[in-house]
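Peer 1: this one's structure only:
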Ligand SMILES: Nc1nc2c(ncn2[C@@H]2O[C@H](COP(=O)(O)OP(=O)(O)OP(=O)(O)O)[C@@H](O)[C@H]2O)c(=O)[nH]1
Ligand SMILES: [Mg+2]
C-alpha cells in the first residue's frame with residue numbers, strides 16, 4: 001500500500017470524479033488492507049443509490065461481451081454505469097471482443113463508464129469481501145448502475161451475483177443437451193435468463209430448453225416469472241429488451257415490497273460474510289491469534305473442535 005494518501009482521501013477524490021483515485025482505491029480494496037476499512041464504511045454510508053446487477057454464467061458464456069453491450073445501452077439512456085468483473089479469465093482489457101474494439105474504445109473513453117477487472121484469488125480479504133467492497137465504492141461514486149460479473153462456478157462467485165438487486169444468468173447455446181446453467185446449479189438464482197450468442201444456429205434449441213425448464217420450475221406465487229431473453233453481442237439483438245427487463249424487474253421489486261425484503265437478505269449475508277472474514281483474519285492471519293496451540297490440542301484430541309472454537313472466540317483482544 002502506498003501510504004502517502006489515505007483510502008478515505010482516495011474515496012473523496014473518487015467521489016469528486018477522479019477515475020485514477022477510484023482505480024487506486026479499488027486496488028487497495030482488492031488487496032484486503034486493513035487501512036481501507038474506514039473508507040469502505042464511509043462508502044457504505046454514502047451508497048445505496050445505484051441499481052446493482054449481478055451477471056453470472058458458466059465460463060465463456062459471453063458475460064463480458066454482453067456486459068459491454070449492456071453498458072452501451074445504459075449510456076444511450078443517459079445514465080452512468082460501472083462494471084466490476086471478478087476474476088475473469090478473459091478480462092475486458094485483453095480479449096478480442098468480437099473485433100469490436102473501436103466501440104469498446106468509445107466506451108473506455110467515456111467518463112460515464114467505469115470498467116474494472118478484479119482478480120482476487122489469494123487476496124487476504126477474500127473474493128467476496130473485495131467484490132462487495134468494490135461495489136460499495138462504485139455505488140458511493142454515484143454510478144447509476146453497477147454491474148458485477150462473476151463466473152457461475154464456486155460458492156463465493158454465485159453468492160456475489162446473488163448479492164445484487166437483479167441477478168442475470170447467462171447460458172450459451174449448445175454443448176450437449178442440458179442447459180448448462182442447470183448443470184452448474186445456478187438456474188434458480190436468476191431474475192432474468194439470457195441465452196447468449198443467439199446469432200448461432202444452435203441457440204434456438206437452448207432457448208426452447210430453457211423455456212421448458214422455466215415453465216416447470218418457476219414459482220408463480222412469487223409474482224415474477226424470470227423471462228428468457230435471447231441476446232447477441234455480435235448483432236446487438238436482445239440488448240434493449242434485456243435492459244427493459246432489468247427496469248421492469250426493478251419496478252416490480254419496488255411495487256411488490258420484495259425489493260425491501262431482498263435488501264434485508266443482502267444485508268444479512270453481508271454482515272455474516274464480514275463476521276466470517278473477521279474470524280478468519282483474526283485466527284488465520286494473526287500469528288498471535290492463538291490458533292496454532294489450539295490446533296495442536298485438537299489434533300491430539302485433547303480438545304474437540306467446538307470447544308476449541310469457543311475458546312478462540314472467547315479470547316480477548318484483536
Ligand atoms: N457468436 C458469438 N460469440 C460471442 C458472443 N458473445 C461472446 N462471444 C464469444 O464468446 C467468447 C467468450 O466471451 P466472453 O464475453 O469473454 O465470455 P465470458 O462469459 O465473459 O467469459 P469468462 O469471463 O472467461 O467466463 C468470446 O470468444 C466471444 O467472442 C455473441 O453474441 N455471439
Ligand atoms: Mg468475462
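Peer 2: Cool, the structure landed. In this text, all values refer to a predicted model and were calculated from it rather than measured experimentally. Numbers count the residues shown, from 1 in each chain. Ligands and ions are numbered 1, 2, ... in the order given.

Peer 1: hmm, which helix or strand of the protein has the shakiest average pLDDT?
Peer 2: In the chain, the helix or strand scored least confidently by mean pLDDT, DSSP states H and E is helix 101-109, which has a mean of 53.

Peer 1: What's the local residue count around the residue lying closest to residue 21 once chain neighbours are set aside?
Peer 2: Spatial nearest neighbour of residue 21, chain neighbours left out: residue 13 (3.7 Å); criterion: C-beta to C-beta, 6 or more residues apart in numbering. C-betas here are computed from N, CA, C, even on glycine. By other C-beta atoms under 10 Å, 17 other residues sit near residue 13.

Peer 1: Residue 13 belongs to a strand, doesn't it?
Peer 2: No: per DSSP: H, G, I helix; E, B strand; the rest coil, residue 13 lies outside any strand segment and is helix.

Peer 1: how near is the one residue in the stretch 151-300 of the chain that gets nearest to ligand 2 to residue 197?
Peer 2: Taking C-beta to the ion, ligand 2 has its nearest neighbour within the stretch 151-300 of the chain at residue 151, 7.2 Å off. To residue 197, residue 151 is 16 Å away according to C-beta to C-beta, to the nearest Å.

Peer 1: do the same with residue 43
Peer 2: According to C-beta to C-beta, residue 43 stands 36 Å off from residue 197.

Peer 1: Those two: which is more packed in?
Peer 2: Neighbour comparison, residue 43 and residue 197: the larger count goes to residue 43, with 26 against 23 (by other C-beta under 10 Å).

Peer 1: Beyond the least confident helix or strand of the chain, next helix or strand please.
Peer 2: strand 113-118 (DSSP states H and E).

Peer 1: what mean pLDDT does that following strand have?
Peer 2: For strand 113-118, mean pLDDT rounds to 90.

Peer 1: Counting by contacts, list what that strand packs against.
Peer 2: Contact partners of strand 113-118 among helices and strands, from 3 or more C-beta pairs under 8 Å, 6 or more residues apart in numbering; DSSP states H and E: helix 19-31, helix 63-76, strand 81-86, helix 101-109, helix 127-140.

Peer 1: pretty sure residue 308 is touching residue 294, no?
Peer 2: Yes: between residue 308 and residue 294 there is a contact under C-beta atoms under 8 Å: 4.8 Å.

Peer 1: And the two? Which one has more around it.
Peer 2: Neighbours were tallied for residue 308 and for residue 294 using other C-beta under 10 Å; the higher tally belongs to residue 294 (20 against 17).

Peer 1: I'd like the helices and strands packed on strand 113-118 written out as JSON lines, with distance to ligand 1 added.
Peer 2: Rendered in JSON lines, the data for these read as follows (distance: least, C-beta to the nearest ligand atom, whole Å):
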{"stretch": "helix 19-31", "distance to ligand 1": "17"}
{"stretch": "helix 63-76", "distance to ligand 1": "3"}
{"stretch": "strand 81-86", "distance to ligand 1": "7"}
{"stretch": "helix 101-109", "distance to ligand 1": "11"}
{"stretch": "helix 127-140", "distance to ligand 1": "14"}
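
Peer 1: closest one to ligand 2 among those?
Peer 2: Smallest distance to ligand 2 across these (C-beta to the ion): 3.3 Å, for helix 63-76.

Peer 1: quick one: buried residues of the closest one?
Peer 2: 63-75 (16 or more other C-beta atoms under 10 Å).

Peer 1: Could you identify the most distant pair in those residues?
Peer 2: Across the buried residues of helix 63-76, the longest distance by C-beta to C-beta is 18.6 Å; it joins 63 and 75.

Peer 1: The protein: strands as residue ranges?
Peer 2: Here the chain has its strands, by DSSP state E, at 51-57, 81-86, 113-118, 145-151, 166-171, 192-195, 228-230.

Peer 1: mean confidence for the lengthiest helix in the chain?
Peer 2: For the chain, the helix that runs over the most residues, judged by DSSP state H, is helix 258-280. For helix 258-280, mean pLDDT is 93.

Peer 1: what packs against it?
Peer 2: helix 127-140, helix 155-162, helix 239-256.

Peer 1: how about these in TSV, adding mean neighbour count and distance to residue 59?
Peer 2: Below are the helices and strands packed on helix 258-280 laid out as TSV (neighbours: other C-beta atoms under 10 Å; distance: least, C-beta to C-beta, whole Å):
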stretch	mean neighbour count	distance to residue 59
helix 127-140	26	16
helix 155-162	20	10
helix 239-256	16	21
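
Peer 1: For the residue most central in space within the chain, which non-adjacent residue is spatially closest?
Peer 2: Nearest residue to the geometric centre of the chain (C-alpha atoms, centre = their mean): residue 148, 3.6 Å. Computed as C-beta to C-beta, 6+ apart, the closest residue to residue 148 that is not its neighbour in sequence is residue 84, at 4.9 Å.

Peer 1: State the number of residues packed around that neighbour.
Peer 2: 25.

Peer 1: my read: it touches residue 116, true?
Peer 2: Yes: between residue 84 and residue 116 a contact is recorded at 5.6 Å, counting by C-beta under 8 Å.

Peer 1: If anything else comes up later, I'll come back, but that's it for now.
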